[in-house]
Every structure is written in structure tokens, then in C-alpha cells.
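Visitor: Only the shape, not the letters, is given here:
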């Protein structure tokens with residue numbers, strides 16, 4: 001009601017009414033109707049109450065409508081109150097002509113407002129003519145309370161009727177068609193109150209059959225809560241066949257003026273709600289970005305030290321376990337994080353677009369959580385990941401090499417230790433002191449054979465030392481025991497050399513005394529020793545471990561083995577020749593019945609040993625054949641894995657490159673509606689996602705290759721790392737391209753851009769994008785602006801560049817181009833509009849109270865304002881006053897609040 005008072009006080013009428021437009025009430029007014037006592041009674045009561053509702057603002061009222069206006073004083077006062085204008089100074093005399101003068105001043109003022117008074121004169125008012133007085137008051141009501149009502153291009157009575165119909169349309173049992181019979185049941189009045197103040201009345205409990213109760217309820221609530229005085233009696237309305245139309249119109253117009261201010265406040269509240277809803281959503285998106293960024297950066301922070309840990313394991317099993325953990329990371333842990341990173345960038349771009357569209361300041365994440373920070377952390381993760389995989393593979397190769405060398409060392413060391421076992425004790429014997437000449441000579445020859453054997457084992461000792469040195473250089477974990485064993489072998493070898501030299505010197509001194517030598521034994525010894533060494537070397541070679549990485553290498557070993565087998569017939573001939581020498585010795589002894597032992601004194605190699613070792617060689621040959629063929633089969637299997645992987649990689653790699661080029665080309669060349677472009681990109685994305693099973697299959701083949709320890713592939717230039725990086729880049733590119741089109745759609749819809757305008761923007765951008773990379777440099781952009789008619793000076797161009805390239809990258813994106821083209825004409829909310837809306841809710845006060853916010857806004861947004869508004873400290877401040885001006889400016893980044 002306060003808003004109604006303000007409107008009545010401040011309203012200035014400038015409309016010039018024509019006679020046929022306004023004075024139609026005289027034609028409609030059938031003066032004879034006023035003779036109906038019931039209607040006269042209703043008009044008296046209604047008009048008196050209406051006049052008093054305004055006169056009380058001036059501290060007075062009337063009791064009898066035809067008597068209290070006779071002197072013209074209160075009539076002039078009434079006009080001043082309802083118009084807000086000053087009338088000429090009234091005459092204070094009590095004579096009749098004074099009264100007529102005052103009434104004439106009032107009537108002249110009414111006429112000055114375009115109202116033609118027919119048959120109403122000052123004398124009749126001064127004489128207390130009820131009929132003329134009521135007619136005059138109705139004219140005032142019609143002019144100042146009803147005539148200016150305007151609803152959907154209708155005004156006055158029709159406008160008020162249309163307003164009532166609109167407000168009561170949703171209510172059952174209410175059908176407003178006029179200002180008499182339609183109001184008799186009281187439901188129309190209750191519906192008007194409930195429509196605007198549902199807290200004051202429970203419409204569902206009203207009874208159509210209780211019209212008096214309904215009317216009294218409405219009038220009591222209107223008088224108590226809406227400051228609308230009771231102008232009618234319920235019984236008069238119900239018991240009159242046709243209630244007085246003017247009385248009803250007068251009373252209903254009070255409801256219109258009472259609620260018009262509330263509707264204005266509702267509009268202001270809706271604007272504030274809209275602005276606050278946008279701000280709350282933006283804050284939620286900011287908090288969500290901060291949370292996701294923190295989680296992703298924390299995961300990267302935890303993962304990088306794990307990938308940078310280069311502490312080697314001592315066994316192949318431990319390193320294989322590390323490799324399996326790395327595979328789990330690549331297959332299970334990293335892919336969701338790739339999606340999170342991509343989604344985080346999309347959310348950031350969407351948030352910035354929403355802030356830009358709603359005229360809010362750009363979002364600046366916390367320190368260390370910018371998109372560039374996340375990209376940098378991700379790049380460090382990728383670098384650590386690449387180095388980690390290379391290190392794992394190198395460590396596995398190293399451990400494999402170490403295990404092979406260690407086993408080879410153990411075999412050669414065991415062979416040498418078996419050979420060297422007891423040799424020192426033999427060399428230390430002094431059996432030659434009591435031996436015969438033949439025995440001494442035999443000892444000498446035997447020693448010569450030993451020296452030959454010793455020289456033959458020199459290469460083996462050198463190989464053992466070389467293997468031990470290589471194990472040390474490769475940081476073998478059990479290098480200490482290897483070094484200890486090697487040192488013992490070398491020390492023993494030096495001792496054997498010294499002892500051999502000493503025994504030779506002793507035998508040569510004794511040789512002069514001993515001349516008889518069994519040439520046959522000597523020949524056996526000379527031939528048997530090399531043959532024995534050959535057999536030992538052959539057995540060692542046949543049992544030697546090998547490691548190859550290609551079919552060519554294993555075929556080379558097979559060829560060498562075939563060459564060895566080709567020498568076996570010759571070796572068998574030598575074996576038979578040696579055995580025939582021993583047979584000849586035994587034949588001579590038997591022939592001459594010699595009482596000497598058949599044992600050859602010159603050789604430690606026996607016939608049984610030769611036979612045994614020869615049988616051993618014959619057993620090892622097929623075993624060697626089998627192991628070589630098995631390795632050949634394994635290399636063929638590895639070759640099939642290489643070819644299988646290469647066949648897929650050579651298809652997938654170019655496919656990924658082609659898709660990348662198609663997406664890049666489509667982002668530049670696509671025309672037509674953005675929705676069609678979005679559908680085309682969605683189809684690209686669908687095709688790419690459907691292609692993922694090929695990537696998974698290639699991952700499976702790559703795992704088989706790694707498990708087979710295949711480290712090279714001559715059939716393709718693509719590695720699994722190339723495919724992974726290309727696939728991840730393809731997913732990120734299509735997602736970013738879709739996000740760019742979504743951003744363009746959001747900008748188009750928010751800015752009201754037509755599809756034709758968007759196509760023109762795209763055509764202009766593509767024309768000046770000389771490099772066809774989706775970017776314009778500064779010279780291209782300047783040429784584009786000039787072609788569209790911009791008159792550019794250096795200062796103006798610098799201002800425009802600060803808008804489209806705020807970071808100084810030297811390029812202009814299509815999104816920045818669209819933002820620039822639409823920014824100048826954008827219809828967005830401003831801080832001034834929000835401040836004006838708050839001022840309406842605060843009834844023109846420079847501050848607003850918490851209760852006013854709770855009354856006009858939804859609870860959630862009212863609490864949001866109360867929590868964030870600073871206290872008002874300006875002139876006229878009261879306890880609890882809130883500063884809505886600073887708060888509104890802060891929403892748009894225009895203050896330090």
C-alpha cells in the first residue's frame with residue numbers, strides 16, 4: 001500500500017483526453033438508476049470509504065458525503081492528495097459565495113485534467129444534492145483511480161476487468177465477466193488476494209454457498225493486511241439483485257493499486273534471482289574445477305616419484321613384477337586420468353564462456369591450478385613415464401645378459417675345477433726318485449702331455465676371467481662370490497704353472513739317467529691327449545648356452561653345428577687309430593709274455609675314458625640338435641608376433657593420422673548450422689570410440705611381444721608408444737573440437753546470433769586465416785576488420801587486440817573473433833540493473849533489510865544475499881542495514897568486496 005501511496009503522490013498526468021474518449025461515462029450514467037435506494041446506499045458507503053482512504057493521509061475524513069463537501073475545502077484537499085498537485089488557495093469565508101468559489105476551483109481542476117463535467121455545477125454541490133455529489137465523486141474515481149489502468153493495450157474499465165480475469169483465471173468457481181453479478185459469491189475477491197498473497201487466505205477451504213462469509217473474509221483481510229478500507233457491506237452485495245457496478249469497480253480498483261507495486265517488486269526479485277542463480281552456478285563450477293584440479297595434480301605428484309625411481313632389482317622376477325605394475329598403470333590407472341584432464345579443460349572453457357556471456361569477471365584458479373599448470377605437470381608425468389619404460393626394458397636386458405653370463409661362468413668354472421682337482425698333489429709327487437729309467441721317461445712324457453693339456457686350458461681360464469670382469473662391469477648382484485671363485489682359479493692356475501715348471505726341471509735332470517722309453521705308449525699319449533682335449537672341448541661346446549634374437553642368428557648356430565657334425569667321421573677315425581695303438585701295446589705284452597702293467601705310463605687318458613667321452617659326445621649331438629631346433633621354432637614364433645603387430649600398427653598409425661587431419665580440416669572448412677557441425681563431430685567421435693577395440697587388440701599383441709622379450713621389429717616404424725600417444729592426442733583433439741563448437745552454440749544462443757551471422761563470421765574468419773590452422777595473426781585480423789568497414793587507428797586496434805588476445809599470444813582464435821563481433825551489441829545484465837532492482841525492493845532506500853530480502857526472494861537466495869552483503873554505513877543507516885550497491889558491484893568484479 002506504501003507503493004500505491006507513492007505512485008499516487010508522484011504520478012504526473014500528461015495525457016490529453018478527448019471529449020468522446022473520456023466523457024462516455026456521462027452517456028453510460030443513467031441518472032435514474034441512482035434513485036434505487038440500494039444502489040445509492042452502496043455508493044454512499046463505498047465512495048465515503050474511498051475518499052477517507054485518501055483524506056486520512058492529510059489527517060482528516062468525512063462523515064456525510066453530501067454535507068462535508070459543501071464548503072469545497074475537503075473536496076480541494078481530496079484532489080490535492082490523490083493528484084499530488086497544489087490547487088489554488090481556497091477561500092476561508094463561510095458565506096455561500098465562498099463555498100461556491102471553492103467548489104468551482106475543484107471543478108475547474110477536474111476539467112483541467114480533460115474531464116468534461118456535464119450537468120454538475122458548484123451550486124448543486126453546495127446545496128448538498130446527493131445525486132450530483134455522488135456523480136462528481138464517481139467522476140474523480142474514474143479519472144484518478146481507474147482511467148490510467150492499462151492491461152494488454154486495454155485501459156480504464158476494460159483494462160481493470162481484463163486484469164481481474166487474468167489474475168482469477170486459474171481458480172475454480174470464479175468467472176469474472178462484469179463488475180456486479182460476478183462478485184456476489186465473494187470468491188473473486190478471495191481469489192485476487194490468494195493470487196498475490198497466498199499466505200493470507202486458504203482458498204481450498206472456501207465454500208461457494210457462503211457468499212457473505214467469503215466477502216467478509218476478503219474485506220477483513222484486505223483491511224488488516226492490505227490497507228484497503230471496508231467500502232461495502234456483504235449483505236448489501238448478496239441481497240441486491242444486481243450490485244452497484246461503480247461501487248464494485250471502486251473497491252476492486254483498490255486491489256489493483258495495492259498489488260501493482262507487489263508485481264513490480266516480483267519482477268525485480270525475479271531479476272535478482274536470475275543474477276544470483278547464475279552467480280551460484282558459476283561458484284559451484286569454480287569449486288568443482290578447484291577440487292578436480294587438486295585431485296589430478298595430487299595424483300600426478302604421487303605418480304611421478306614412482307616413475308622416476310630407478311632403483312634396479314637383483315632378479316629377473318622382481319623386474320618383471322615392476323614391468324607388470326607399469327602395464328597396469330598404463331591400462332587401468334592412467335586412462336581415467338586422461339579423461340579427467342580432458343574434462344577439466346572442457347569445464348574450464350565452459351565456465352569462462354558462461355562468465356563472459358553473463359558479463360562476469362574471468363575465473364582465475366588458485367595458484368598452481370591453472371590449465372597451463374596442469375598441462376605442465378602432465379608433460380612432466382609423460383616424460384617420466386617414457387624414461388621409466390625405457391629403463392625397465394634396459395634393466396631386463398641387462399639382467400638377462402647377467403643371468404646368461406653367470407650361468408656360463410659357473411659351468412666353465414666347474415669344468416675347470418674338475419680338471420684341476422688334484423693336479424697340484426700330482427705335481428708335488430717325487431715318484432721319479434725311485435722309478436726306473438723307463439718309468440722316468442714315462443713320467444717325463446706324461447709331464448709333457450700334462451703341459452700340453454695345461455696350455456690347452458689356458459683359453460678356458462682366460463674366458464673365466466673375462467666373464468668375471470664383464471659381470472663386474474654389468475654390476476652383477478653376486479659379483480663378490482664370482483670374484484672370489486675366479487681369484488681362487490687364477491691363484492691355482494699360477495700355482496700349477498709354477499709346479500709344472502719345477503717338475504719338468506726335475507724330470508729333465510733325471511732323464512739323463514733314464515733312456516728307455518716305450519715309443520708305443522708315447523705315441524698313444526701324444527695322440528690321445530689332443531683327442532681327449534678335442535672331446536672335452538666338443539662336450540663343452542655342445543653344452544654351451546646360447547641366446548639369440550633373430551632367425552638369422554639361430555640359423556648361423558645351426559650351420560656351425562652342421563659343420564661340426566661333418567667332422568665327426570674324421571674324429572671317429574682318429575679315435576679308432578688311438579685305440580688301435582693301445583691294442584698294439586696289449587698285443588706286444590701278450591705276445592712276449594711281458595710281466596709289466598698294460599697301463600700307459602705316459603698318459604692319464606685311458607681307453608675307457610676315450611670310449612666314455614666319445615659316447616658322451618654322440619649323446620650330446622642330438623640333444624644339441626633338439627635345443628637348436630626348439631630355439632629356431634621360438635624365433636619363428638617371435639617373427640610371427642612381429643609381423644602380426646606390424647600389420648595392425650601399419651593400419652592403425654595412418655588411420656589415426658588421417659582422422660587427425662580430417663578433424664583439423666573440418667574445424668576450418670565446415671559450414672552450415674553449428675548443430676550440423678556438432679552432429680558431424682559427434683559422428684567422428686562415435687567412429688573413433690568404436691575404433692578403440694583395434695587399439696586394445698594391438699595392446700594385447702604388444703604385451704605378447706614384450707613377454708616373448710622381443711625388442712625390435714623391422715617390419716614397422718610404429719611402436720606401441722607412438723600409437724598410444726597418437727590415440728590419446730586424437731581423443732583430446734576431437735573432445736576439444738566438440739567443446740569449441742559447443743562454446744560457439746552457447747555464445748550464439750546467449751548473444752542472439754543467427755545461423756546466417758554465424759556462417760558469415762566463419763566465412764570471414766576462414767578467408768583471412770591464410771595458414772588454414774584455425775588462427776589469425778594480428779595482420780590478418782587487422783585486414784579482416786578493415787574489410788568489414790572498421791576505421792582503425794593504432795590506439796583503437798590496440799584496444800581491440802587487448803580484448804581478443806588478452807594473453808598476448810599473437811593470434812586470434814575463432815571463439816575470440818565471435819566474442820568480439822557480438823560483444824558490442826550484447827544484451828546482458830549489468831551491475832546498474834541489479835542495483836536498480838534492489839532499490840525497488842528497498843522502497844528507494846540506499847540500504848535493504850534482511851526481512852525485506854526474505855520477503856521478496858526465495859529462502860536460499862535471500863540467505864545467500866544476507867551472508868555476503870556488507871553492512872551499510874552511509875547516511876540514514878539503521879541497525880541491520882545491508883549495502884546492496886557494493887554487493888551488486890562485486891558480482892561483476894567492480895569492487896574489492
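Guide: Good, I have the coordinates. Treat the numbers as computed from the prediction; the structure is a model and nothing was measured.

Visitor: Dihedrals phi and psi, residue 63?
Guide: phi -110, psi -40 (degrees, to the nearest 10).

Visitor: element containing the closest residue to it other than its chain neighbours?
Guide: Ranked by Cβ to Cβ, 6 or more residues apart in numbering and with sequence neighbours excluded, the top spatial neighbour of residue 63 is residue 48, at 7.9 Å. (C-beta placed from N, C-alpha, C; glycine too.) Under DSSP states H and E, the secondary-structure element containing residue 48 is helix 37-55.

Visitor: What residues of that helix count as buried?
Guide: Residues of helix 37-55 classed as buried by neighbour count (16 or more other Cβ atoms under 10 Å): 39-55.

Visitor: same question, stretch 865-874
Guide: For stretch 865-874, the neighbour count (16+ other Cβ under 10 Å) marks 865-866, 869, 872 as buried.

Visitor: which stretches of the stretch 51-200 of the chain form helices?
Guide: With helices called from DSSP state H, counting those that start in this stretch, the stretch 51-200 of the chain shows them at 65-68, 73-83, 96-112, 122-126, 130-141, 156-168, 187-196.

Visitor: got a markdown table for the ones you listed, with mean pLDDT, distance to residue 630 and mean neighbour count too?
Guide: Formatted as a markdown table, these follow (pLDDT from 0 to 100; distance: least, Cβ to Cβ, whole Å; neighbours: other Cβ atoms under 10 Å):
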| stretch | mean pLDDT | distance to residue 630 | mean neighbour count |
| --- | --- | --- | --- |
| helix 65-68 | 84 | 125 | 17 |
| helix 73-83 | 87 | 114 | 21 |
| helix 96-112 | 86 | 121 | 18 |
| helix 122-126 | 85 | 131 | 19 |
| helix 130-141 | 86 | 115 | 21 |
| helix 156-168 | 86 | 95 | 19 |
| helix 187-196 | 89 | 94 | 23 |
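
Visitor: In CSV, list those along with distance to residue 706.
Guide: Compiled in CSV, the helices of the stretch 51-200 of the chain are given as follows (distance: least, Cβ to Cβ, whole Å):
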stretch, distance to residue 706
helix 65-68, 106
helix 73-83, 95
helix 96-112, 102
helix 122-126, 111
helix 130-141, 96
helix 156-168, 77
helix 187-196, 76
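
Visitor: quick one: which of the ones you listed is nearest residue 666?
Guide: Evaluated over those, closeness to residue 666 peaks at helix 156-168, with 51.2 Å, by Cβ to Cβ.

Visitor: helices or strands up against the closest one?
Guide: Counting contacts by 3 or more Cβ pairs under 8 Å, 6 or more residues apart in numbering; DSSP states H and E, the secondary-structure elements packed against helix 156-168 are strand 150-151, helix 187-196, helix 245-308.

Visitor: I'd like to know the phi and psi angles of residue 871, please.
Guide: Dihedral angles (degrees, to the nearest 10) for residue 871: phi -60, psi 150.

Visitor: Over to residue 813?
Guide: Taking degrees, to the nearest 10, you get phi -80, psi 160 for the backbone angles of residue 813.

Visitor: Identify the residue nearest it in space, chain neighbours excluded?
Guide: Nearest-residue entry for residue 813: residue 775, 6.3 Å, with adjacent residues in sequence omitted and distances by Cβ to Cβ, 6+ apart.

Visitor: Equivalent analysis for residue 39, please.
Guide: Once flanking residues are discounted, residue 39 sits nearest to residue 244: 4.3 Å by Cβ to Cβ, 6+ apart.

Visitor: quick revisit: close enough to count as contact, the residue nearest to residue 63 and residue 65?
Guide: Yes. Between residue 48 and residue 65 there is a contact at 5.0 Å, judged by Cβ atoms under 8 Å.

Visitor: From residue 193, how far out is residue 222?
Guide: Noted for residue 222: a distance of 7 Å to residue 193, by Cβ to Cβ, to the nearest Å.

Visitor: Mind listing the shared neighbours of those two?
Guide: Overlap between the neighbourhoods of residue 222 and residue 193 consists of residue 255, taking contacts as Cβ atoms under 8 Å, 6 or more residues apart in numbering.

Visitor: What ranges does this structure have for its strands?
Guide: Counting by DSSP state E, the segments of the chain that form strands are 150-151, 154-155, 775-777, 811-813.

Visitor: I'd like those written out as CSV, with mean neighbour count and mean pLDDT added.
Guide: CSV is the format used below for the strands of the chain (neighbours: other Cβ atoms under 10 Å; pLDDT from 0 to 100):
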stretch, mean neighbour count, mean pLDDT
strand 150-151, 16, 72
strand 154-155, 16, 73
strand 775-777, 20, 82
strand 811-813, 19, 82
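
Visitor: buried stuff in stretch 801-812?
Guide: By 16+ other Cβ under 10 Å, the buried positions in stretch 801-812 come out as 801, 804-805, 811-812.

Visitor: hang on, I meant stretch 760-773
Guide: Here stretch 760-773 shows 761-762, 764-766, 768-769 as buried, counting by 16+ other Cβ under 10 Å.

Visitor: Any chance of a markdown table for the residues you listed, columns distance to residue 729 and pLDDT?
Guide: As requested, those are exported to a markdown table (distance: Cβ to Cβ, whole Å; pLDDT from 0 to 100):
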| residue | distance to residue 729 | pLDDT |
| --- | --- | --- |
| 761 | 28 | 73 |
| 762 | 25 | 73 |
| 764 | 30 | 76 |
| 765 | 24 | 75 |
| 766 | 24 | 77 |
| 768 | 28 | 78 |
| 769 | 22 | 75 |
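
Visitor: Residue 452 against residue 528, yeah?
Guide: No. Using Cβ under 8 Å, residue 452 is not in contact with residue 528, being 10.9 Å away.

Visitor: Between those two, tell me which one has more neighbours.
Guide: Between residue 452 and residue 528, counted using other Cβ atoms under 10 Å, residue 528 has the larger neighbour count: 27 against 15.

Visitor: quick one: the more buried one from residue 776, how far?
Guide: According to Cβ to Cβ, residue 528 and residue 776 sit 93 Å apart.

Visitor: With residue 142 instead?
Guide: Taking Cβ to Cβ as the measure, residue 142 falls 66 Å from residue 776.

Visitor: next one: residue 565
Guide: Taking Cβ to Cβ as the measure, residue 565 and residue 776 are separated by 76 Å.

Visitor: now that we're looking at the residue nearest to residue 813, which residues does it contact?
Guide: By Cβ under 8 Å, 6+ apart, the residues touching residue 775 are 769, 811-813.

Visitor: circling back to that earlier point, which residues does the residue nearest to residue 63 contact?
Guide: Neighbours of residue 48 in contact, by Cβ under 8 Å, 6+ apart: 62-63, 65.

Visitor: any idea how far stretch 731-743 is from the chain center?
Guide: On the basis of Cα atoms, centre = their mean, to the nearest Å, stretch 731-743 sits 12 Å off its chain's mean C-alpha point.

Visitor: Just the pLDDT at residue 4, thanks.
Guide: As predicted, residue 4 sits at a pLDDT of 37.

Visitor: Hmm, I typed the wrong one, I wanted residue 171.
Guide: According to the per-residue confidence, residue 171 scores 90 in pLDDT.

Visitor: From the contacts of residue 48, pick the one nearest residue 341.
Guide: Residue 341 lies nearest to residue 62 out of the contacts of residue 48, by Cβ to Cβ, at 79.7 Å.

Visitor: and that closest one, what are its phi and psi?
Guide: According to degrees, to the nearest 10, the main-chain angles of residue 62 amount to phi -120, psi 150.

Visitor: I'd like to know how far it sits from residue 82.
Guide: Distance check for residue 62 against residue 82: by Cβ to Cβ, it reads 14 Å.

Visitor: cool, residue 195 as well?
Guide: Separation of residue 195 from residue 82 (Cβ to Cβ): 26 Å.

Visitor: Next: residue 579.
Guide: From residue 579 over to residue 82 the distance is 148 Å, taken as Cβ to Cβ.

Visitor: separation between residue 128 and residue 45?
Guide: Using Cβ to Cβ, one obtains 18 Å as the distance from residue 128 to residue 45.
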